[in-house]
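A.B. asks: Have a look at this prediction, sequence included:
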Amino acid sequence: MSETTLKPIKEGKVREIYDNGDSLIMVATDRISCFDVILKNTIRKKGTVLTQMSRFWFDLTSDILPNHMISTDVNDMPEFFHQERFDGNSMMCRKLNMLPVECIVRGYITGSGWASYQKDGTVCGIRLPEGLKESDKLPEPIYTPSTKAEIGDHDENISYEQSIEHLEKCFPGKGEEYASKLRDYTIALYKKCADYALEKGIIIADTKFEFGLDENGNIVLGDEMLTPDSSRFWPADGYEPGHSQPSFDKQFARDWLKANPDNDWTLPDEIVEKTIEKYLQAYEMLTGKKL
Ligand SMILES: Nc1ncnc2c1ncn2[C@@H]1O[C@H](COP(=O)(O)OP(=O)(O)O)[C@@H](O)[C@H]1O
Ligand SMILES: [Mg+2]
């Protein structure tokens, strides 16, 4: 054990964030949330799978824009992190001044987007062609930004024009430039990665990116990237519009919880094992490597 014990500056449902001077250390734990509740079980290796997946996507897309990743090797981090529980699931990142917009992109129609389309034919104010079925692929991916809500509140969808105003308020004179860059980067990242994933048998139905500014004012990709926690992953095998699709990673857990309403948010070992297998499978399909 190291002498100094560090405390996270932020403890989210699934991730812990440590301040390391100029950098941050983001630790993905093995916790899992279903229906917005943290289950009592942990999913062994889930944190490592998610961190290594982000790392893979950051490497794949560094030609589009720079990202915040510095290292996933604990030997590059302070001694406190030289513990088994941080090995593989920690990422040292450049500290950014985060832009206050959640950059959501949707390539398929599902979830709240599907509900909204059924009501009035639009998703976040964007009119879509008639006759789409649930889970259909959209003719082109759409950018549907939202503002980050205070803890406990729901994020609020905003139009592209509102994202300009929102950014302009925080960064006078820069609203239009930042808003258009965020939109263009978001679409470019999604297209490249969704095409790649589809070849490997995984549909990325939608996802969310977060960007920030570095010390020179350049836009840098931050946060986690294209993990099953920030995205909807569906198996391409068996994909069929007209109904909802199984989630790649949480399907066994969700199905079991629904079938066992008196579950107390605890999964049986067998479901935990199956869920672990799904995370490992997603990682292997996407990267072509064993963890
Ligand atoms: N490179 C970075 N520099 C500073 N903050 C970052 C960076 N990358 C991500 N963040 C921020 O760190 C936080 C991660 O917290 P998270 O556990 O995802 O909870 P939540 O999204 O609910 O705030 C987010 O507020 C995110 O915007
Ligand atoms: Mg987050």
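C.D. replies: The structure has been received and is ready for your questions. Numbers count the residues shown, from 1 in each chain. Ligands and ions are numbered 1, 2, ... in the order given.
A.B. asks: The helix or strand hosting Gln281 - contacts with which helices or strands?
C.D. replies: In the assignment (DSSP states H and E), Gln281 maps to helix 269-287. Counting contacts by 3 or more Cβ pairs under 8 Å, 6 or more residues apart in numbering; DSSP states H and E, helix 269-287 is packed against helix 46-60, strand 202-213, helix 251-259. Where you see a C-beta, it was placed from the backbone N, CA and C, and this is true even at glycine.
A.B. asks: pLDDT of the second one, averaged?
C.D. replies: The reference is to strand 202-213. Mean pLDDT, strand 202-213: 98.
A.B. asks: So in that sheet, which strands flank that strand, and in what orientation?
C.D. replies: Take DSSP bridges as the rule and strand 202-213 pairs in its sheet with strand 97-98 (antiparallel), strand 101-108 (antiparallel), strand 219-222 (antiparallel), strand 231-235 (antiparallel).
A.B. asks: Leu128 reaches Ser116, doesn't it?
C.D. replies: No. Using Cβ atoms under 8 Å, Leu128 is not in contact with Ser116; the gap is 9.7 Å.
A.B. asks: any residues in contact with both of the two?
C.D. replies: Overlap between the neighbourhoods of Leu128 and Ser116 consists of Thr122, taking contacts as Cβ atoms under 8 Å, 6 or more residues apart in numbering.
A.B. asks: and the residue of the stretch 151-291 of the chain nearest ligand 1?
C.D. replies: Closest residue of the stretch 151-291 of the chain to ligand 1, Cβ to the nearest ligand atom: Gly222 (3.4 Å).
A.B. asks: Who are the contact partners of that residue?
C.D. replies: Contacts of Gly222 (Cβ under 8 Å, 6+ apart): 67-68, 93, 96, 98, 210-212.
A.B. asks: try Ser90
C.D. replies: Contacts of Ser90 (Cβ under 8 Å, 6+ apart): 25-28, 51, 72, 74, 77, 81.
A.B. asks: Quick one, grab the pLDDT at it.
C.D. replies: We have a pLDDT of 98 for Ser90.
A.B. asks: excluding its backbone neighbours, what's nearest it?
C.D. replies: Val27 (4.8 Å; Cβ to Cβ, 6 or more residues apart in numbering).
A.B. asks: cool, and Leu132?
C.D. replies: Ile109 (5.5 Å).
A.B. asks: That neighbour reaches Leu128, doesn't it?
C.D. replies: Yes. The criterion here is Cβ under 8 Å, and Ile109 meets it with Leu128 at 7.2 Å.
A.B. asks: Which one of these two is surrounded by more residues?
C.D. replies: Ile109 (24 against 17; other Cβ atoms under 10 Å).
A.B. asks: Report the contact partners of the more buried one.
C.D. replies: 117, 123, 128, 132, 134-136, 138.
A.B. asks: for those residues, which one is nearest Phe248?
C.D. replies: Ser135 (13.7 Å; Cβ to Cβ).
A.B. asks: What is the burial count for the closest residue to ligand 1 within the stretch 1-150 of the chain?
C.D. replies: At 2.7 Å from ligand 1, Gly12 is the closest residue in the stretch 1-150 of the chain, using Cβ to the nearest ligand atom. Gly12 has 14 neighbours, counted by other Cβ under 10 Å.
A.B. asks: Going forward, count from 7.
C.D. replies: Yep, numbering from 7; the last one is Gly18 now.
A.B. asks: circling back: so which of the strands paired with strand 208-219 gets nearest Arg189?
C.D. replies: Closest to Arg189 of the strands paired with strand 208-219, according to Cβ to Cβ: strand 107-114, at 7.6 Å.
A.B. asks: could you give the mean pLDDT of the closest one?
C.D. replies: When pLDDT is averaged over strand 107-114, the result is 98.
A.B. asks: Where does pLDDT dip in the stretch 107-256 of the chain?
C.D. replies: Counting by pLDDT under 70, the stretch 107-256 of the chain contains low-confidence residues at 157-158.
A.B. asks: Up against ligand 1, what does it have?
C.D. replies: By Cβ under 6 Å from any ligand atom, the part of the stretch 107-256 of the chain that sits against ligand 1 consists of 216, 218, 228-229.
A.B. asks: Can you pick out the most distant pair from those residues?
C.D. replies: Gly218 and Asp229 (8.6 Å).
A.B. asks: on that earlier part again, just the closest of the contacts of Ile115 to Asp161, please.
C.D. replies: Closest to Asp161 out of the contacts of Ile115 is Val129 (14.9 Å), distances taken as Cβ to Cβ.
A.B. asks: Tell me how many other residues crowd the nearest residue to that closest one once chain neighbours are set aside.
C.D. replies: Distance criterion Cβ to Cβ, 6+ apart; nearest residue to Val129, sequence neighbours excluded, is Gly119 at 4.2 Å. Gly119 has 25 neighbours, counted by other Cβ under 10 Å.
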